[in-house]
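my questions concern the predicted model and sequence given below.
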Amino acid sequence: DADEVPYDELLNPASMTIAGCAKLEPWIIKTDSPVGFQFVRSGYFVRDNKDLSRAKPRFNRSVVLKDSYRPDA
């Protein structure tokens with residue numbers, strides 16, 4: 001039963017991705033806003049509200065962009 005399992009044990013351990021070479025607009029790092037941001041071709045992200053480090057900002061993906069590209073056969 002999912003109610004008896006701790007939340008962190010239900011998470012996919014392979015779901016965390018670290019983008020070491022990501023580039024952000026400087027104002028995004030300075031904001032504490034809960035508003036989401038679209039990262040080019042990746043999806044929509046919100047600032048992690050538990051880790052507000054300015055040196056290494058953390059964002060959580062809230063929406064994945066749909067890939068509608070279909071190559072010609």
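Happy to help now that I have it. Numbering: from 1, shown residues only.

confirm Gln38 sits in a strand?
Yes. Counting by DSSP: H, G, I helix; E, B strand; the rest coil, Gln38 is found in a strand.

what's across from it in the sheet?
Counting by DSSP bridges, Gln38 forms beta bridges with Tyr44.

tell me, how many residues neighbour it?
Gln38: 11 surrounding residues under other Cβ atoms under 10 Å. To be clear about C-beta, it is placed using only N, CA and C from the backbone, and glycine gets the same treatment.

how about the one 10 residues further on?
By other Cβ under 10 Å, 12 other residues sit near Asp48.

ramachandran coordinates for it?
phi -70, psi 120 (degrees, to the nearest 10).

now do the helices in this protein.
Along the chain, counting by DSSP state H, helices occupy 7-10, 26-30.

so which residues of this protein form strands?
Secondary structure of the chain (DSSP state E): strands at 37-39, 43-47, 59-64.

related to what we said a few turns ago, return the most buried member of the helices of the chain.
Comparing the helices of the chain by mean neighbour count (mean count of other Cβ atoms under 10 Å), helix 26-30 comes out on top with a mean of 10.

compare the helices of the chain and give me the one nearest Arg58.
Checking the helices of the chain against Arg58 by Cβ to Cβ gives helix 26-30 as the closest, at 10.9 Å.

quick one: residues in contact with that closest one.
Helix 26-30 is touched from outside by Phe37, Arg54, Pro57, with contacts defined as Cβ atoms under 8 Å, 6 or more residues apart in numbering.

repeat that with 6 Å
Arg54, Pro57 (Cβ atoms under 6 Å, 6 or more residues apart in numbering).

what does stretch 65-73 give?
Gly43.

so for that stretch, mean pLDDT?
Averaged over stretch 65-73, pLDDT sits at 73.

do the same with stretch 27-46
Stretch 27-46 comes out with an average pLDDT of 79.

got it, and stretch 14-21?
What stretch 14-21 shows for mean pLDDT is 78.

buried set for that stretch?
Within stretch 14-21, no residue is scored as buried using 16 or more other Cβ atoms under 10 Å.

again with stretch 46-59
Using 16+ other Cβ under 10 Å as the burial criterion, the residues of stretch 46-59 that qualify are Arg47, Pro57, Phe59.
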